[in-house]
Every structure is written in C-alpha cells, then in structure tokens.
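Asker: Build the 3D model from these lines:
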Amino acid sequence: MEKLRFLIQNIQSVLFIENFAFRNKLRIASRINEVVNNLFDGDPTMLDIPPDAPPEIPRIQLKDSKPIYSLNFSPTRIDFFYNEAGKPEKNLDSLIDNYLKNFFNIANLVKDEYRLSIPRIAMVVKAASEIETGSNLLIYETFLGTKPFFKNTHALEIHSLEKTTMNGYDINRWFRIKTARAPSGQDNILFVEIDINTLPEKPMDFELQEIKDFHNKSIVFAKDSFSKCFGVSL
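Answerer: Residues are numbered from 1 along each chain as shown. Just a heads-up that it's a prediction; the model follows:
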C-alpha cells in the first residue's frame, strides 16, 4: 500500500439534547461566545423559525470570521465544528487540544448553567490524503482486489457500521471511505470519515466528566482505527 498521510478536514462534536426552548437567542449566543473567549467573532445568525419546524434545524448559528470554528444550536442537538481544509500542517495532534478546550467549555455551560440532559454524544473526524498512484486503484487493491468488476471504476465508496464497545461505552462506529478527483480530473484524493456515537437505543444522561472522557477516548480510538485500516495514524 502507498504510504498515506492524512490531514484533518473536519472535526464535529455533538451533544444531543431534549427540546431546548429558545427564549432569548441573542442572550444565548452571547453567553456561548463568552465561555469560549469570543471565539465566534463573525456575525451570528438567529433563525426565526416557526415552532412546528423540524427540531433538527438550527435556531442559532455562530462562526468565527475566517471561518474555521462554527456552532449550530437546535432544539435537539448542539454541533461544534472545526473546518479548515487544505492546511498541510493540520494533523490531529496539532489542533485537538484547542478544539476540545473550546468544546468542553460549551459542554460545561450546557450542563452547569442550562441544566440540559444529554442522552447521547458523538464525535466525527474527517481526513484526506493524496494518492499519487490513484485513490480508486488503492481502494480496489486494498479492499476489493478479488473482484475485477470494480477495477476500473471512476469513483468508489465503502461504508461500514460496527456496533462495538470503546472503553466501557457502547457505540456505533461508522467508517466511511470515499475517493475523489482533483479539479484537474486526476484521481488522487482519498476521503475517510470515522463517526463514533453512543447508541440511541441506550440513552443516558452524560455529565461533563463523561463527555470529556468520551471525547478523549474517541481520539485514541479514531487514531487506532485509521492505523488498523491503513497502517498509519492520524
């Protein structure tokens, strides 16, 4: 297998919550920004949505001015994102401490001040690697080499779901592998996503320390998953 070097494209952490009522969106947005030391210095978006709109639609959207960090707040979930594609220095170790510091401050606000129940949590890491010999050929030879039917494909995707245990947490682990082409048409890009989430059929009420523990263990678990699949870590 060609030597791979995965660079982080996106990190997403999710707190699933239960029917949060948005009584003062501006105050909520201001308080969130306060606990992350004004990280979200871009213009906030307050969506005026009818009460019967789907609860997954964010009512508050925050971002920094670049933007690199962003947050979506809906009645049923809070999503915190890092997204800075195309930066060669951005391996996981170089950015995860700052990312988690901000996320844990948000989680602390949610638990300590808003007193919200958090029945589920999730973390998603997306990475990419350039493949000089061709991303489709690499996926074919690594995972589908006994089936010549797939040898000359223009694009390939592999999605796998494993229900497993991660250091005491019952989780779903989605592992998604997708090939892509550069704007020039060259077949040289490999996208990989690992989605680690607690089971919807086993809801809990996660406290702050458990949220921290889950995310720290998810980082180790994600690195180990990449290593076992591709022979290199994140």
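
Asker: For the protein, give me the ranges with low pLDDT.
Answerer: Scanning the chain with the threshold set as pLDDT under 70 gives 1-2, 85-89.

Asker: In it, mark out all the helices, start to finish.
Answerer: For the chain, the helices defined by DSSP state H cover 25-35, 92-108, 135-143, 208-230.

Asker: which one is Ser218 nearest to, not counting chain neighbours?
Answerer: On the basis of Cβ to Cβ, 6 or more residues apart in numbering, the spatially nearest residue to Ser218 that is not a chain neighbour turns out to be Met123, at 4.4 Å. For the C-beta atoms, the positions are set from N, CA and C on the backbone; glycine is no exception.

Asker: wait, the one you found sits on Gln12?
Answerer: Yes. Under the criterion of Cβ atoms under 8 Å, Met123 makes contact with Gln12 at 7.1 Å.

Asker: what about these two, which has more around it?
Answerer: A side-by-side neighbour count of Met123 and Gln12, using other Cβ atoms under 10 Å, places Met123 first with 22 against 19.

Asker: what about Gly145, neighbour count?
Answerer: Taking other Cβ under 10 Å as the criterion, the count of residues near Gly145 is 11.

Asker: The one 10 residues further on now?
Answerer: One way to gauge burial is a neighbour count; for Ala155, by other Cβ under 10 Å, it gives 12.

Asker: residues in contact with the nearest residue to Leu109 once chain neighbours are set aside?
Answerer: Spatially, and ignoring its direct neighbours in sequence, Leu109 is nearest to Val35 (4.9 Å; Cβ to Cβ, 6+ apart). The neighbourhood of Val35, defined by Cβ atoms under 8 Å, 6 or more residues apart in numbering, consists of 105-106, 108-109.
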